[in-house]
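test case, fold it:
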Amino acid sequence: MRRLKILTWHTHGSYLYYLTQTPHDFYVMSKPDRSAGYAGKWGHLPWGDNVHDMPVELVREHEFDCILFQDDLQYLVDQYTYLSEAQQRLPKIYLEHDTPRDHPTDMRHIVDDPNVLLVHVTHFNALMWDNGHTPYRVIEHGVMVPDIPYRGNIDRGLVVINHLQTRGRRLGGDIYMRVRGKISLDLVGMGAEEMPGGLGEVFHHELPAFASHYRFFFNPIRYTSLGLAVIEAMMVGVPIVALATTEMSTVIDNHVSGYIDTDVAKLIGYMDLLLADVELARMLGVEGQRRARERFNINRFTRDWSRVFKEVAM
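As a prediction, this is how the structure comes out:
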């Protein structure tokens, strides 16, 4: 397979970092102010040489093999603002990161075009969207995590969510506060300091080692896509306690590789067990780590993406 030139946007930095492990060249749209969606090759992630900053005003001067959209504005506005007419006719992929917002089952996806390939990041997401006439594939997450041992020496749970204060019930802000009234929890992520127990942001490359010291990882999210932070925690053997919703119900085998339930009171009871027994936490974490390595390894992820790029652009 020849090396492709792929134009895309900086929508979810950690996902983009993992995506760029695929052996192609990625040109990432940027604006001088590095505003949301237009950060380009920027920030604290260790970008590879195959990632190129692509100022929006220079896009028309370059040749690409494929356009990879990642949100509605890019598809509805940017392609007509920054791309030439010839570039607008290039093969197109729309990478959908999220679950439908307006209605969980009846929301039609913004892309309704048999000539565009829609890629979902979980099977749950693909199930919930009305994909219309657009062909779609599912490429599950893949991550790279250093070989860090689980320690579990901090008798607390860790929650990793960006801007939880402003994202409300969907991301489980109320559940976090309810559980924190009974269980010692720390929250990290962008804007975390706005919530009780919030410690602020931990850089992506530092998060696995940071999480390895906590007794367990708690995911209070009701309805969204599967978070990379959950998978990264599993990769270092941190046991997961989570709501049994969305794709999470297929990721954790209850009482084997972690604890999941829709009854928050039961989850609090499981947290008490883990805080009282570090060896139980270690046992669950080992099984979760094994399953995460099988399902979410970076080699499988890049193979899946390479197949899609070949299908669309070659």
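
name the helices or strands packed onto the longest helix along the chain?
Across the chain, the longest stretch assigned as helix under DSSP state H is helix 278-295. When contacts are defined as 3 or more C-beta pairs under 8 Å, 6 or more residues apart in numbering; DSSP states H and E, helix 278-295 packs onto strand 214-219, helix 228-235, strand 258-261, helix 264-276. The C-beta positions use only the backbone N, C-alpha and C, and glycine is treated the same way.

highest average neighbour count across these?
strand 214-219 (a mean of 28; mean count of other C-beta atoms under 10 Å).

pLDDT below threshold where in the stretch 51-200 of the chain?
Within the stretch 51-200 of the chain, not a single segment meets pLDDT under 70.

which non-adjacent residue is nearest Val28?
Among residues not flanking Val28 along the chain, Gly40 sits closest, at 4.8 Å (C-beta to C-beta, 6 or more residues apart in numbering).

what's the local residue count around the one you found?
Burial measure for Gly40: 21 neighbouring residues, criterion other C-beta atoms under 10 Å.

so what's the nearest residue to Ala244 once chain neighbours are set aside up against?
Distances taken as C-beta to C-beta, 6+ apart place Ile260 nearest to Ala244, at 3.9 Å, with adjacent residues excluded. By C-beta atoms under 8 Å, 6 or more residues apart in numbering, the contact list for Ile260 reads Ile240, Val241, Ala242, Leu243, Ala244, Met248, Ser249, Ile252, Asn254.

before we move on, back to that, now what about the longest helix of the chain, what contacts it?
140, 150, 152-153, 215-216, 231, 234-240, 251-253, 256-259, 273-274.

same question for stretch 93-107.
Contacts of stretch 93-107 (C-beta under 8 Å, 6+ apart): 11-12, 15, 66-71, 75, 109, 111, 116-121, 124-125, 128-130, 134, 223-225, 246, 308, 312.

Throw the helices and strands packed on helix 278-295 into a markdown table and include distance to Glu201, thanks.
Converted to a markdown table, these look like this (distance: least, C-beta to C-beta, whole Å):
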| stretch | distance to Glu201 |
| --- | --- |
| strand 214-219 | 16 |
| helix 228-235 | 12 |
| strand 258-261 | 25 |
| helix 264-276 | 24 |
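
quick one: which of those is nearest Thr302?
Among those, helix 228-235 comes nearest to Thr302, with 15.2 Å by C-beta to C-beta.

then the closest one to CSV, C-alphas only?
Output of helix 228-235 as CSV, limited to C-alpha atoms (Å, rounded to 0.1, in the frame of the first residue of the first chain):
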residue,chain,number,x,y,z
LEU,A,228,-9.8,6.5,25.9
ALA,A,229,-8.8,7.1,29.6
VAL,A,230,-10.8,4.0,30.6
ILE,A,231,-8.9,1.9,28.2
GLU,A,232,-5.5,3.4,29.1
ALA,A,233,-6.3,2.7,32.8
MET,A,234,-7.1,-0.9,32.0
MET,A,235,-3.9,-1.2,30.1
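
same for that helix, what does it pack against?
helix 13-19, strand 154-160, helix 207-211, strand 214-219, strand 240-243, helix 248-251, helix 278-295.

deepest-packed of those, please.
Highest mean neighbour count of the helices and strands packed on helix 228-235: strand 214-219, a mean of 28 (counted as mean count of other C-beta under 10 Å).
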